[in-house]
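Peer 1: what shape does this take:
(3 chains)
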Amino acid sequence: MADEQEFFLTSADVEGQYGIDLITAETLRHGLIEVTRHMHGTLQRSAFSSIVRDGMDFGVCLHVVCDDLSTELVAATEGCTMFAFTQQHMTNIVLGEYGVDNLGPGDVLLCNDSFRGGIHNADLNLFRVLHDEDGKPAFVITDAAHVFDIGGPSAGGFNLQAESMFEEGLRIPPTLLTSGDVPVRSTMNLLLDNTRSPWHMVGDVRALLGTLRAGEQRLSALMQKYGTETVKAAARYALGLSERRMRRALLQVPDGEYQAEQAIDDDGVGTDPVMLRVAFRVKGDQAEIDFSGTDRQTIGPVTTGWAEAARSLIGPKVLLDPQHPMNSGMMRPFHVLLPPGSAVLGLPPTSQNNHTELGAKIASLMLRVVSAAIPEHATAADSGASGAVLVFGIDDRPAHEGQPFGAVLLFGGGWGGTSSADGISYCLSALYNCRANVLEFVEKETPLVVWEWDTVMDSAGAGTFRGGFGPGYTFEALAPTTCVPLLDSAKFSPLPVAGGAPGMTSYGMLVKKHARSGPVSWNGLLPAERLVPIFGKFDDAGRPDPEHGSFGNGTRFQTGKAQFTIVPGEVLRLQTASAAGCGDPFGRYPQAVLNDYLQERVSAAQARSTYGVVIDVAALKVDEVGTAGLRAGRSAADHAAPPPPSHFADWPVTEEEYSDLVQSLRPPAAAERI
Amino acid sequence: MRRIGIDVGGTFTDAIMVDDATGAVTRTKVLTTAHDQSEGTLEAIRQLAGEEGFDVIVHGYTVGLNAALTRTGARTALLVTGGHRGLVDSGRLSRPNGQFMYDPTWERPHDVNPLVDRRLRRGVPERMREDGVALLELDEDAVRAELEFVKAQGVTAVGICFIHGYAHPAHEDRVAAIAREILPEAYVQTSRIWPLAREYERTFVVLLDAYTGPPVIRYLRNLESRLADAQVGVRLFIMQMDGGLRSSSAVRDAPVFTLQSGPVAGLLGAEVYSNKVLGGRDLVCLDIGGTSTDIGIIVDCEAEVTNDWELEHAIPLAITTLDVRSVGAGGGSLIGVDALGSLDVSEESAGSDPGPACYGRGGTRPAMTDAYAVLGLLQPDLFLNGQMTLRVDAAELALDELAKPLGMGPHELARGAYDITNMKIAAAMRQMTLGRGMDPRTFSLFAFGAAGPMHAVSVARLLDITEVVVPYFPGGFSAYGMIASRNKISRARALMEPLSDLDADRLSGVLAELEAECRAELESESLDPASITTSYAYYGMYAGQGYDNRLPLPRQIDAESLRRLADDFHQFYDSRYGYSAPEIPIIVTSVVAVATGPQPPLVLPKGDDAGRTGGLTDAVLAHRSIFLSGHDETATFYNRELLIEGDEIPGPAVIDDKLGTIVVPSGAVARVAEFGTLRIAV
Amino acid sequence: MGFSDRLMFVTPPGDEPLVVRKEPLSELTCPSCRRNEVATYPVAAHQGPRIVTKCQSCFTVLELRRPRPEEPWPPFRPAMYDAPASPAERASVPDRKGGNENV
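Peer 2: Sure, this is the predicted structure:
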């Protein structure tokens, strides 16, 4: 059993364990991170697909080759955070299969296979080995990016109804992409012959290759300046430092077994939920993450082939050691147990096209199970959904006629309330971290109009500290547009901790326009008579209601994973589930509730019924007496009852009701600074 | 003419006066008066000019920046396209790289502390399509209602920014007119201040201008009236973030362009040195003061520009600024050892109260200044001419507390902190050079600020740069940059079209219009039209990309030069990004015309005014032990003021200047060149 | 050349939960806590798929090894896993040889 003192290394300890002095170790640790920072800048600015450059859906990593020819991820500069986890496993698997000794200078391997540690086929992963002066493999530089299209039935690579990998895009085993820095023609042809957007593909591949070369140049310069053995020693030091930090954090988690489960709405083909179960076992400074009991792999594509072995580490990362630069040292104290044939270890030929919703749920689940181990630092569940939609079609605007268009529109969700702060809004899952589109560019390049991107009143999971909001995102098609939403949590609300409220669930709906305001809502509210329910929990009057509504009631689809086409003039609105809250909402600081009211995030009615805060609307102040009365007067039964999913309680049906409602809901003006 | 340059910084206000006729250069430094920066400004003027007259003041201040950072700007309302109230909260969804990427308690700066909270962000029923068709007509009744609401809230500034408003301003213009009706006293700003695509960035330009405009305008009015009291007929010019000057009256149109001009001033001085003293050599600039380390680069005698400036994470100011990047290390940065024995120099600064341990004011946490003291680079009797206390013993104690558990001595730890700082600075410099496809080895390192020349040679060695250049007065150098600067104005227009679709005549026409606007502006500031020079640039990217690059445009636009432009564009991509894509159309997002006024007469200090009669040994102050190379060695300490052109100083040596310290490590040789410039062979 | 039949699978039939089976090794004693609760099972360690033998009481690792070719971990095994690299695949390696270079 390790103890505190073991984690502190003196300068002599460092010299003894790594053969270099502490200062050199630290300066080179920063230097190795800097190599990846340089790669990050290179890739971000030179890539083609907007999902890479704007969306930042890429990763750049640097690995050290160990004596037994396994590799460890020493440094990364995150675009999409999951790559900083998955590339550790994938590099080992891919190089193990190909044989690292079969690679020479200027060789780059390409692989996108989920069963070999990739995520889904649209992510191209590239691997380049750096040799030392004696020709021995010393380091590996890797990068990965989501390319817009890799073939398959659905442009953009998200065939949400795929029932096997044969209905996805191209699956590429470890394949030489360049040999001695010369592109391998057959590999390039394979990619370009099989994509709907060859020009983007070429651009992205060039950018990825250029980035690897840029990283190699920087790393070689370090190796020349300090000597390869010194740089490798510093890499080992960097890994050991992360490991020590994580072990130290694990020591502070009480030994035991903690469990959590969370359901994915459905697999996109059937309607049954997919239950994910995990046990987090801590003993001393080690832990197991055991997914035994997870449902079987799905018919639809909500399954991955190995990615969760790495992605599950997001829970410990976020909750036990978030601030230290990511490397695989933090993974060393963990063993992950994945039952073959389950949703977290799918067997070929299962499809991973919808890995995003699985990943978002895994992140959510892992945050919950680690929170169970450290309740004083617990975080409520995040949106558990990506909050994105793929769109594609053929343009028919003047000067664009006949041109295919496609985009990934990102709108995000929220993170759960914690014991010290509200959850952030407008954020993707901890595993993703992508950046939003430039709407003015999107509207130039595609026949779309993004009418709205804003929060929905009362939807954030209430709590002492509430969850972040899931936004509503409304867009219109000017030409027929196929939409592929990446939006789980339409059936099951994100789950709270410590007495908080669940978040509102996700929704898809068409919105009819109003003459003066178009399809734009008032703080997310719209009259039900203007909505056409597509998916989600609606009541009989067609109002979105996660508490009293039922999933699929009167909706066009019985799943949120439907791919469908909207015609010109149709307006689609997608709402991401909100994150859940932490702590009893009746314990929220009344001034914070007042502020939410003033910011039109929380209605006076929700302030009262959910938070127990009476707002004097005329004076725009908290009615202290009323609040104290409400809060003291709460019955034991009410106190014990878990709060329902947060949502706007009295959704209007007709246009008239709506405009009256909006009038009544608007917080009035007041001259004093609030 | 007698010209004064004044740079108001965080702690100090640096000022310099040059007399074009006599060539005299005088400088001073006063404490910044945060409550009203004009007080310190005027005090500095008094100290320099006394009873004598002067003609021109060139001035950089931090009024706007401080208002923005401390959230004490104007009470602002932001009118946006209905449905997009959340834009400024969105932070474009991204999280910052670094320690907060995975931190569940991290909150966006604009969330925690909004410039304008949601309540004062009002959605207006209106919507333009990208081609200018109004999908929703402007609902003027709704506009009036929103403006009445914000008026009742006591707003004093209104920002208006609509989707596609950069290209189709009709709705914004109408709303601005109504705003002026309903709030006649308010400051009103629209997308016209920065009429380029990218709604997130543009909204923040408008917002920051509305927010910081009123306090800046108040400051200028106050300063102008005080100057009028003190002196008649002085012309006041303000430094912009792109390094150009505008008269204080013209600045009122777009005050946000002066938000943070201090760091850019140093780069302007470096431009002069590159051009006049160093034969056009490209420079990487290193400015280390008490609280911050700023880096910039000079290429072809011009400072590189960027559009990526951020006030805080996800609060951008996307106007063209000189590219100055901050590194959180150097000067007052704190040194720490964590519970695992990992050593770091953090972004946190010791400040000045109590400050580093060696200030003797009771500070116990060691800062870089303490490291300098323990390394022997700062000597108690020689530091700032002996005018300031230096408690080396206190520094040693503070460092020892960290060093002991590591099993190191305080000198080793100090050296380690020094090395880590150098690594971080070198990394930032690499980002700025390699990130542009440039090789740092082709640059010289230009160091200033009180502590810049303490790190310069060591940093240069990390980058394989062979020469370090230190100007005659490294401390307070930014004020010199002020008076070396010239009037500059630029105007841009969004095009968003493929290069292949651009007609040479139409493009020439657009550029001519933009140029005419610029010229008109400069001529209104009484510049002689014949002295104005203009240049053109454009922003371009391959179709489907989202990041555009600034590239020069020739003066003559014809079919031939447009074709060459495409070739140059592909070449640029090749050298910067490692590839080009000739088969993909090039999109020209915008074009820019820049007009600059004449270079003011340059006065460089002679640099040998102290009058030395004997040889180099006359300049020697002492021989002291330093611990820079990992072992004790004896360094010769020199008095900068007694050095003259031609002196050669081999390391190890430390040259003490009144306002800074220059370190020449073992193996380097410093030579005093013209104008007192130190050129150090690394 | 080897050929693998671990390319395609059926979904595990039935309803009973899928668990990672830990095989107890009752003959082994933990070197750390001296208990007889040692088990062996497949895991994803940080380097990838591994077979671990560890004490279930204190998680002390007695052995962590790569799976043998016949052990179905991970389930999927590429068809050409045991085949040697062709000359084209090794063209950039300075001293080209044939043979199986796989670890």
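Peer 1: how many neighbouring residues does residue 34 have?
Peer 2: Using chain A. Using other CB atoms under 10 Å in any protein chain shown, residue A:34 has 22 other residues around it. Any C-beta I mention is one placed from the backbone N, CA and C, and that applies to glycine too.
Peer 1: ah, I was thinking of chain C
Peer 2: Number of residues near residue C:34 (other CB under 10 Å) recorded here: 10.
Peer 1: contacting residues for it?
Peer 2: By CB atoms under 8 Å, 6 or more residues apart in numbering or on different chains, the contact set of residue C:34 is empty.
Peer 1: just the pLDDT at it, thanks.
Peer 2: For residue C:34, the model assigns a pLDDT of 95.
Peer 1: how near is it to chain B?
Peer 2: Distance of residue C:34 to chain B, computed by CB to the nearest CB, to the nearest Å: 31 Å.
Peer 1: which ones are touching residue A:574?
Peer 2: When contacts are counted by CB under 8 Å, 6+ apart, residue A:574 touches A:389, A:411, A:472-474, A:485, A:487, A:506-508.
Peer 1: go through those residues and name the one nearest residue A:584.
Peer 2: The closest of the contacts of residue A:574 to residue A:584 turns out to be residue A:506 (CB to CB; 25.3 Å).
Peer 1: what's the pLDDT at that closest one?
Peer 2: At residue A:506, pLDDT is 98.
Peer 1: pretty sure residue B:280 contacts residue B:301?
Peer 2: Yes - using CB atoms under 8 Å, residue B:280 makes contact with residue B:301 at a distance of 5.7 Å.
Peer 1: settle it for me: which of those two has more neighbours?
Peer 2: When neighbours are counted by other CB under 10 Å, residue B:280 and residue B:301 differ, and residue B:301 comes out ahead with 18 against 11.
Peer 1: can you give me the distance of the closest residue to the more buried one other than its chain neighbours to chain A?
Peer 2: Of all residues beyond its chain neighbours, the one nearest residue B:301 is residue B:275 (4.4 Å), with distances taken as CB to CB, 6 or more residues apart in numbering or on different chains. Going from residue B:275 to chain A by CB to the nearest CB gives 29 Å.
Peer 1: show me where the stretch 101-250 of chain A has its helices.
Peer 2: Secondary structure of the stretch 101-250 of chain A by DSSP state H, counting those that start in this stretch: the helices cover A:185-193, A:198-226, A:228-251.
Peer 1: mean pLDDT for these: which is lowest?
Peer 2: Among the helices of the stretch 101-250 of chain A, helix A:198-226 carries the lowest mean pLDDT, at a mean of 92.
Peer 1: do I have it right that residue B:154 meets residue B:75?
Peer 2: Yes - Residue B:154 is within contact range of residue B:75, at 5.8 Å (criterion: CB under 8 Å).
Peer 1: how many residues are close by residue A:616?
Peer 2: 15.
Peer 1: pLDDT value on it, please?
Peer 2: Note on residue A:616: pLDDT of 94.
Peer 1: contact partners for it?
Peer 2: With the criterion set at CB under 8 Å, 6+ apart, residue A:616 makes contact with A:622-623, A:626.
Peer 1: quick one: which of those is most hemmed in?
Peer 2: Tallying neighbours with other CB under 10 Å puts residue A:622 at the head of the contacts of residue A:616, with 20 neighbours.
Peer 1: chain C contacts on the stretch 151-300 of chain A?
Peer 2: Within the stretch 151-300 of chain A, the positions near chain C by CB under 8 Å from any CB of the partner chain are A:173, A:176, A:179-180, A:281, A:283-284, A:286-288, A:290-294, A:296-297.
Peer 1: now these: which count as buried?
Peer 2: The neighbour count (16 or more other CB atoms under 10 Å in any protein chain shown) marks A:173, A:176, A:179, A:281, A:283-284, A:286-288, A:290-294, A:296-297 as buried among those.
Peer 1: what is the nearest of those to residue B:557?
Peer 2: residue A:179 (44.2 Å).
Peer 1: near chain A, anything from stretch B:153-169?
Peer 2: Yes - using CB under 8 Å from any CB, stretch B:153-169 comes into contact with chain A via B:153-154, B:163-164, B:166.
Peer 1: please point out which parts of that stretch sit buried.
Peer 2: By neighbour count with 16+ other CB under 10 Å, stretch B:153-169 contains the buried residues B:153, B:155-169.
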